[in-house]
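> next one to model:
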Amino acid sequence: MANFGPQDIKKLREMTDAGMMDCKKALTEADGNMDKAVEWLRDQGIGAAAKKAGKVAAEGAIGVKVEGHKAVIVEINSQTDFVAQNEKFKTVMREVVEHAFAHEMADAEAINASSIKGQPFSEYLSLQIATIGENLVVRRSAFIQGDETTAVNGYVHANNQVGVIISAKCDSAKTAEAMTPVLKDVAMHAAAMRPRTLSYKDFDPSYVAEETQGRIVAIEKENEELARLGKPLKNIPQYISMAQLTQEIMAEAEALLKEELRAEGKPEQIWDRILPGKIARFVSDNTTLDQEQCLLDQKFVMDDSKTVAEYIQDKAKAAGGTAQIVTFVRLEVGEGIVVEQEDFAAEVAKQMA
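Numbers count the residues shown, from 1 in each chain. As a prediction, the model looks like this:
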């Protein structure tokens, strides 16, 4: 006995735009299971939603919701940027973001495995695909939650292509309240400056080693050209991250700087006034990777005399407390998606064969 009826066939047809008999056969093959029926149609290449679901979705938008001490960020991909700008897509984005926020979903896997509006999320999404006319993918998502001493905020760029959510642990609820708008500025900074990680402490040693060697080789090649042109050569750093500057290396650097001061004839009684600046310059020259890729070490775009960490520290101090950024998530639409370039001539030849 079939585990489905006319209403199920009608629903599957609406979801996939497949023919009535194809829907009936799909439900028969799936023993009435709607998700499996959609999958069966997709495998057979039947129906609009099934066919569209096989197409690469590399465009789309980012959605963010922040309220109290919670924030969620979601990336939904579509096949074209045009679709990502229409109202139907925007409605889907709002519904999914609200759903993820309300149920405190940690990632896209949780969203895709959930139920929404009384139906499996896969059914909901298939219906949106059939309605909108393009494949849609809830690709990435993240959720942040803290207590009353945690400041939370977020930012979505005007084109909805980049979004950031961020949190900072504070010493008190009062400080957290004061730091909330500050984090909005830092989220805007992260959207623009593309940090990959929070701190140099997050780097894998092998990554730092590979980057160091790569940069040295690149500068050496550049210096060859500069030398040929008779221009000043670029300095080749020994190190590129604070992760490499051990206590031994810092002690050695300080000793060398003292030797320089002695050679310059600077009196020892004034070295303590000169050394801090020289050591800071040594650190700056040898932590270029951190400055490029670590949020806390980047120069803050609204005040490049400070790093982001220093900016946060100063703002927290002005509020009478302390704060430390503990989490940030930055998503940009389509990051990491490889889209095959179609060979138009080959496609035409294939159709004519």
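> where do the strands sit along the stretch 1-150 of the chain?
Counting by DSSP state E, counting those that start in this stretch, the stretch 1-150 of the chain has strands at residues 59-67, 70-78, 115-116, 119-120, 137-145, 150-156.
> which ones are touching the closest residue to Glu95 other than its chain neighbours?
Distances taken as CB to CB, 6 or more residues apart in numbering put Ile116 closest to Glu95, at 7.3 Å, once the chain neighbours are dropped. C-beta: built from backbone N, CA, C; applies to glycine. Contacts for Ile116 (CB atoms under 8 Å, 6 or more residues apart in numbering) come out as Glu95, Val96, His99, Tyr124.
> identify the bridge partners of Ile116.
Listed by DSSP bridges, the beta-bridge partners for Ile116 are Gln119.
> so where's the stretch 201-350 of the chain shaky on pLDDT?
Applying pLDDT under 70 to the stretch 201-350 of the chain flags residues 338-350.
> in it, which spans are helices?
Here the stretch 201-350 of the chain has its helices, by DSSP state H, counting those that start in this stretch, at 205-229, 247-263, 271-285, 288-293, 308-318, 344-352.
> show me what counts as buried in the fifth one.
When you say that, I think you mean helix 308-318. Neighbour-count burial for helix 308-318, counted by 16 or more other CB atoms under 10 Å, picks out Val308, Ala309, Tyr311, Ile312, Lys315, Ala316.
> may I have the residues that are in contact with the first one?
Right, the one you point to is Val308. Val186, His189, Leu295, Leu296, Asp297, Gln298, Lys299, Phe300, Ile325.
> related to what we said a few turns ago, out of the buried residues of helix 308-318, who's nearest Glu224?
Taking CB to CB as the measure, Glu224 sits nearest to Val308 out of these, at 35.7 Å.
> now do the closest one against Asp107, distance only.
Going from Val308 to Asp107 by CB to CB, to the nearest Å gives 26 Å.
> how about Thr149?
According to CB to CB, Thr149 and Asp107 sit 25 Å apart.
> of those two, which one has the most company?
Thr149 (18 against 15; other CB atoms under 10 Å).
> surely the more buried one and Lys169 touch.
Yes - at 6.7 Å, Thr149 counts as touching Lys169 under the criterion of CB atoms under 8 Å.
> quick one, what contacts Thr80?
For Thr80, the contact set (CB under 8 Å, 6+ apart) comprises Glu59, Glu134.
> so what pLDDT did the nearest residue to Val301 once chain neighbours are set aside get?
Computed as CB to CB, 6+ apart, the closest residue to Val301 that is not its neighbour in sequence is His189, at 4.9 Å. pLDDT, His189: 97.
> for the helix or strand hosting His189, the distance to its chain's centre please.
Per DSSP states H and E: His189 is located in helix 173-193. Taking CA atoms, centre = their mean, to the nearest Å, one finds helix 173-193 lying 17 Å from the centre of the chain it belongs to.
> output the contacting helices and strands for that helix.
In this structure, helix 173-193 packs against strand 150-156, strand 162-170, helix 308-318, strand 323-332, with contacts taken as 3 or more CB pairs under 8 Å, 6 or more residues apart in numbering; DSSP states H and E.
> any idea which of these is most buried?
strand 162-170 (a mean of 25; mean count of other CB atoms under 10 Å).
> the inter-axis angle of that strand versus strand 70-78?
Here the directions of strand 162-170 and strand 70-78 differ by 160 degrees (axes from the mean of the first three to the mean of the last three CA atoms, to 10 degrees).
> distance of the residue nearest to Ile279 when sequence neighbours are not counted relative to Gly277?
The shortest distance from Ile279 to any residue other than its chain neighbours is 6.3 Å, reached at Glu254 (CB to CB, 6+ apart). To Gly277, Glu254 is 12 Å away according to CB to CB.
> give me the more crowded residue out of the two.
Glu254 (14 against 9).
> please look at the more buried one and Asp272 and confirm they touch.
No - if you go by CB under 8 Å, Glu254 and Asp272 don't touch, sitting 11.6 Å apart.
> which residues touch Arg140?
Val74, Glu75, Asp107, Ala108, Leu331.
> beta partners of it?
Here Arg140, judged by DSSP bridges, has bridge partners Glu75.
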